[in-house]
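J.: return atomic coordinates for the entry below.
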Amino acid sequence: MPTGRGTAHEPRKCDAALSRAFRFLGKRWNGVLLGTLMAGPASFSEIKRALAGINDSVLSERLSELAAAGLLVRSVIEGPPVAVSYALTPVGQELFPALEALTSWAERNLMDDGPCAGKV
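T.: Here you go, the predicted structure:
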């Protein structure tokens, strides 16, 4: 159907890529977990401390999902003691601009009541 500007009107469509991104990143903890790793590699316990309220099994599951998606890598550091570190891959680091933009937008527009509320 033509519009007043002489172009055909396209019905609104759900953007499939955006839908996939929000389905994955919007899954509880995934986005904030990736945001936590923007500061650099961290151990399981450091990540858990940063994400108040997450339990060990959910954190382990989310870390595995993000690693399987190629967004982070798990590294074992030989000891003693043996340590495990998680870091963003180059693909995960590509999310920096989007996560920073979402963070800035949220600071301006949303109330401070999430899992990081009150943290410095």
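
J.: ok, the most centrally placed residue in the chain - contacts?
T.: Nearest to the mean C-alpha position of the chain, by Cα atoms, centre = their mean, lies Gly31 at 2.3 Å. For Gly31, the contacting residues are Leu25, Leu99, Leu102, by Cβ atoms under 8 Å, 6 or more residues apart in numbering. Just so you know, the C-beta spots here come from the backbone N, C-alpha and C atoms, and that holds for glycine as well.

J.: any idea which element it lies in?
T.: Using DSSP states H and E, the element containing Gly31 is helix 30-37.

J.: report the angle between the lowest-mean-pLDDT helix or strand in the chain and helix 30-37.
T.: Ranked by mean pLDDT, DSSP states H and E, the helix or strand of the chain with the weakest confidence is helix 16-25, at a mean of 87. Angle of helix 16-25 versus helix 30-37, following axes from the mean of the first three to the mean of the last three Cα atoms, to 10 degrees, is 70 degrees.

J.: chain center to helix 16-25: distance?
T.: Averaging C-alpha positions (Cα atoms, centre = their mean, to the nearest Å) puts helix 16-25 12 Å from its chain's average.

J.: what are the phi and psi values at Thr89?
T.: Dihedral pair for Thr89: phi -80, psi 170, per degrees, to the nearest 10.

J.: tell me, how many neighbours does it end up with?
T.: The tally of other residues near Thr89 (other Cβ atoms under 10 Å) stands at 14.

J.: in stretch 72-85, what's buried?
T.: Leu72, Ser85 (16 or more other Cβ atoms under 10 Å).

J.: swap in stretch 42-50?
T.: Applying 16+ other Cβ under 10 Å to stretch 42-50 flags Ala42, Phe44, Glu46, Ile47, Lys48, Ala50 as buried.
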